[in-house]
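Student: sequence and predicted structure below; questions after.
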Amino acid sequence: MANLKAVAVINGIAICGLAIAMTIPLLFDIVFASGECIRIFVPSILVCIFLGGLAIFSSFTKDVLAFSRNDSFLLVASLWIVISTACSIPFCIYADSKLSFMSAIFESVSGITTTGATIYPDVEILPEALNLWRIILHFIGGVGIVAIGIFVFPLMRIGGMQLFATENSDKSKKFLPRVSQMVGFFIGIYIAMICIFAILLKISGMNLFDSICYSISAISTGGFSTKNSGINWYKNGVIEFVISFAMFVGSFTFLEFARILKNRGKGFLSNQQSIGYLKVVIIMIVVPIIWNIITTNSEMTVKVIADHVFQVMSAISTTGYDCTKNYIQPIVLISLALIGGCSGSTSGGIKIFRVQIIYALIKHHIQSIINPNNVIVPKYQNKKIENELIASVVSFIALLVIVFIVSSLVIGITSEKDVATCCYAVLSCLFNLGYDVHFTEFSNIPKFMLVLDMITGRLEVIPIIVVLSRRFRIFN
């Protein structure tokens, strides 16, 4: 039987935390704007306090109950569902956009999962406080993604993430003695990066509000924007370079940053995943530029190079910012987006380390065919790839494919969209890419399916499948 009381209490605390988070756009609106959003955030805060308090006091107990791995699966899945629902309250109350409940949920889930696919056709007409709330959702989701990616998923042995469990636990004991301190340290890195890039964007020509919003959006690899045309509105190559670097940081494993700070730069890029990611980024930036110079003899200005770098980083980090020009074939960009960034980052996609493991297994298989008498062991990070890890990675990819097929069929049946649009919409949500497919035009059932896809993709598929499985017992 699942520890429902403990799960309910933690969810209640999270909802009360959201009430505190909502005070930020409320105070911003009172101090810097017209105060029109008071009618949006005050009721939202009161509802969150009521629901969160109800969950805490109705389930609180002094008894210490064991928290099993099944409880961890239920907690992670329920937290993302409950938090996403609570975060949608301001969108529901904001009457001017006339969003349906499902559309409000879609916007909230898109923000929390850092997918960045918006339901609003015109974000510039929204009050600044509501736009700020959309960006805060990226911050909340980004911190949560880093936390579960580095500390929770390895313990739950999800999708190959156990590969990093030993590394994290061994080194964290020497680095910071308690998990709470470790989490605090990573959140500190996260906030510090946001502040640094906000300052750089302000210096580069953005106003203060946009610099903060785009810094959070880029570090969280979310993709929400305060402008309809996104970064293209500024037409500034320096801003594009800064945001590109922010997206790179957001899609780079935060564990590597901790190691760099701990060792004061020694052992930089000692992780195979980090090296592989850096190689992919450099190749995809440098090779097309050289090819373009050789084949077209066109002048490579700073703005052209900035556009290209921005496009590559937007794709591989799964941020999904719109680009006005295609310097690389769209199929290549989509492939980069499906691969995604590093584990323990805020990016979506399959993740680099899983691709590396699959490559190592294919290479081992080919070598064993060529030299059947040689004993060859597949390795990753100079360690043997265990059968459990292989099964975990293969299961993750297989489940991802199954979810993609089922979702595409459901959306195809319940909407009037063509097959290509349905598949593209599922890819955008399941892999948390955020590419625009005119989601406003979808009816409630396809939107609901896409909401499930965003949560399923962000939670690495397996927690949702486990919770929904027949053997998972919530009640006796």
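Tutor: That came through fine. For clarity, every value in this text was computed on a predicted model and none was experimentally measured.
Student: between the two ends of stretch 382-392, what distance do you get?
Tutor: End-to-end distance for stretch 382-392: 19 Å, by Cα to Cα, to the nearest Å.
Student: next, give phi and psi for Tyr234.
Tutor: phi -80, psi -30 (degrees, to the nearest 10).
Student: surely it and Gly205 touch.
Tutor: Yes. Between Tyr234 and Gly205 a contact is recorded at 6.8 Å, counting by Cβ atoms under 8 Å. The way it works is simple: take the backbone N, C-alpha and C, and place the C-beta from them, glycine included.
Student: give me the element the residue of the chain positioned farthest from its centre is part of.
Tutor: Residue farthest from the centre of the chain, counting by Cα atoms, centre = their mean, is Asn373 at 44.5 Å. Following DSSP states H and E, there is no helix or strand that holds Asn373.
Student: low-confidence ranges, the stretch 251-400 of the chain, go.
Tutor: Counting by pLDDT under 70, the stretch 251-400 of the chain has low-confidence residues at 264-269, 323-327.
Student: which stretches of it form strands?
Tutor: 379-380, 383-384 (DSSP state E, counting those that start in this stretch).
Student: got those strands as a markdown table, with mean neighbour count and distance to Leu400 columns?
Tutor: Output for the strands of the stretch 251-400 of the chain, formatted as a markdown table (neighbours: other Cβ atoms under 10 Å; distance: least, Cβ to Cβ, whole Å):
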| stretch | mean neighbour count | distance to Leu400 |
| --- | --- | --- |
| strand 379-380 | 16 | 20 |
| strand 383-384 | 11 | 25 |
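Student: neighbour count for Tyr234 and Gly205, which is higher?
Tutor: Ranked by neighbour count (other Cβ atoms under 10 Å), Tyr234 and Gly205 place Tyr234 first, with 19 against 14.
Student: so Leu99 touches Ile89, yeah?
Tutor: No. Contact criterion Cβ under 8 Å: Leu99 and Ile89 do not qualify, at 11.7 Å.
Student: overlap in contacts of these two?
Tutor: With contacts taken as Cβ atoms under 8 Å, 6 or more residues apart in numbering, Leu99 and Ile89 have no neighbour in common.
Student: give me phi/psi at the residue lying closest to Ala425 once chain neighbours are set aside?
Tutor: Using Cβ to Cβ, 6 or more residues apart in numbering and skipping the chain neighbours, the partner closest in space to Ala425 is Val437 (4.3 Å). Backbone torsions of Val437, given as degrees, to the nearest 10, read phi -130, psi 30.
Student: look up how far Ser415 lies from Val437.
Tutor: Relative to Ser415, Val437 is positioned 11 Å away (Cβ to Cβ, to the nearest Å).
Student: ok, Ala306 next?
Tutor: Ala306 sits 37 Å away from Ser415, taking Cβ to Cβ as the criterion.
Student: contacting residues around Ser443?
Tutor: Per Cβ under 8 Å, 6+ apart, neighbours of Ser443: 414-415.
Student: what's the burial count for Asp297?
Tutor: If you look again at residue 297, you'll see it is Asn, not Asp. 7.
Student: kindly report the same for Thr301.
Tutor: Using other Cβ under 10 Å: Thr301 sits among 10 other residues.
Student: separation between it and Val451?
Tutor: 42 Å.
Student: try Ser415
Tutor: 14 Å.
Student: neighbour count winner among the two?
Tutor: A count of neighbours by other Cβ under 10 Å puts Val451 above the other of Ser415 and Val451, at 22 against 18.
Student: tell me the pLDDT at that one?
Tutor: Predicted confidence (pLDDT) at Val451: the value is 95.
Student: and for Met22?
Tutor: pLDDT at Met22 comes out at 96.
Student: test my guess that it contacts Trp133.
Tutor: Yes. Using Cβ under 8 Å, Met22 makes contact with Trp133 at a distance of 7.2 Å.
Student: higher neighbour count, these two?
Tutor: Per other Cβ under 10 Å, whichever of Met22 and Trp133 has more neighbours is Trp133, with 29 against 26.
Student: nearest spatial neighbour of the more buried one, chain-adjacent residues omitted?
Tutor: Distances taken as Cβ to Cβ, 6+ apart put Pro25 closest to Trp133, at 4.6 Å, once the chain neighbours are dropped.
Student: would you mind measuring from that neighbour to Phe139?
Tutor: With Cβ to Cβ as the criterion, Pro25 and Phe139 are 12 Å apart.
Student: just the buried residues of the helix or strand where Ala246 lies, please?
Tutor: Per DSSP H and E: Ala246 is located in helix 237-251. Buried residues in helix 237-251, counting neighbours by 16 or more other Cβ atoms under 10 Å, are found at 237-244, 246-251.
Student: cool, and stretch 37-49?
Tutor: In stretch 37-49, the ones that count as buried by 16+ other Cβ under 10 Å are 37, 40-41, 44-45, 47-49.
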